[in-house]
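Participant: Here is my input, please return the structure:
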Amino acid sequence: ILLDKDGKRKHTRPTFSGQQIFALEKTFEQTKYLAGPERARLAYSLGMTESQVKVWFQNRRTKWRKKHAAEMATAKKKQDSETERLKGASENEEEDDDYNKPLDPNSDDEKITQLLKKHKPGGGGLLLHPPEGEA
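Facilitator: Numbering: from 1, shown residues only. From the prediction side, this is the model:
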């Protein structure tokens with residue numbers, strides 16, 4: 001028993017053995033909540049008080065919720081980025097529709113040049129009209 005500077009009992013944190021923690025974790029995997037009689041049996045079998053088992057389960061549920069929330073947030077971010085990627089890909093497909101349409105020979109040369117620049121590395125390299133003075 002530890003005493004503080006005024007001679008009052010000092011609260012110490014219990015330390016659980018590896019076997020106790022293992023049994024508590026195994027039980028927690030099966031059920032996140034223990035009813036009174038289950039808690040009493042588990043506490044007795046592990047040499048712990050019921051309140052120690054109760055508080056351990058409360059703390060473990062809090063840890064489990066935080067981890068679960070973090071995993072859900074990560075999954076949501078991944079899903080959002082995939083949705084954004086697919087959305088971007090569909091926008092590019094819409095832009096490609098112009099490229100895949102047959103060109104009207106009477107259409108504007110500027111439109112043709114823009115399409116070639118957009119879809120060919122280095123601007124396409126195709127001359128529609130020779131520079132003036134080189135005909």
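
Participant: list the contacts for residue 40?
Facilitator: Residues in contact with residue 40, defined by C-beta atoms under 8 Å, 6 or more residues apart in numbering, are residue 50. Yep, even glycine has a C-beta here, placed from its N, CA and C like the rest.

Participant: so which helix or strand takes in the most centrally placed residue in the chain?
Facilitator: Closest residue to the average C-alpha location of the chain: residue 74 at 0.8 Å, with C-alpha atoms, centre = their mean. Residue 74 is located in helix 50-100, with elements delineated by DSSP states H and E.

Participant: what's the average pLDDT for that helix?
Facilitator: For helix 50-100, mean pLDDT rounds to 82.

Participant: for the helix or strand that it is followed by, packing partners?
Facilitator: Downstream of helix 50-100, the next assigned helix or strand under DSSP H and E is helix 109-119. Other helices and strands packing on helix 109-119, by 3 or more C-beta pairs under 8 Å, 6 or more residues apart in numbering; DSSP states H and E, are helix 50-100.

Participant: quick one: the helix it packs on to chain centroid distance?
Facilitator: 4 Å (C-alpha atoms, centre = their mean, to the nearest Å).

Participant: quick one: it to helix 109-119, angle?
Facilitator: Orientation of helix 50-100 against helix 109-119 (axes from the mean of the first three to the mean of the last three C-alpha atoms, to 10 degrees) gives an angle of 140 degrees.

Participant: what sits against residue 14?
Facilitator: Contacts of residue 14 (C-beta under 8 Å, 6+ apart): 48, 52.

Participant: Wasn't it part of a helix?
Facilitator: No. Counting by DSSP: H, G, I helix; E, B strand; the rest coil, residue 14 is located in no helix; its state is coil.

Participant: Give me the number of neighbouring residues for residue 32.
Facilitator: 12 (other C-beta atoms under 10 Å).

Participant: where does it land in three-state SS?
Facilitator: Under three-state DSSP, residue 32 falls in the coil class.

Participant: Right, I'll call it a day here.
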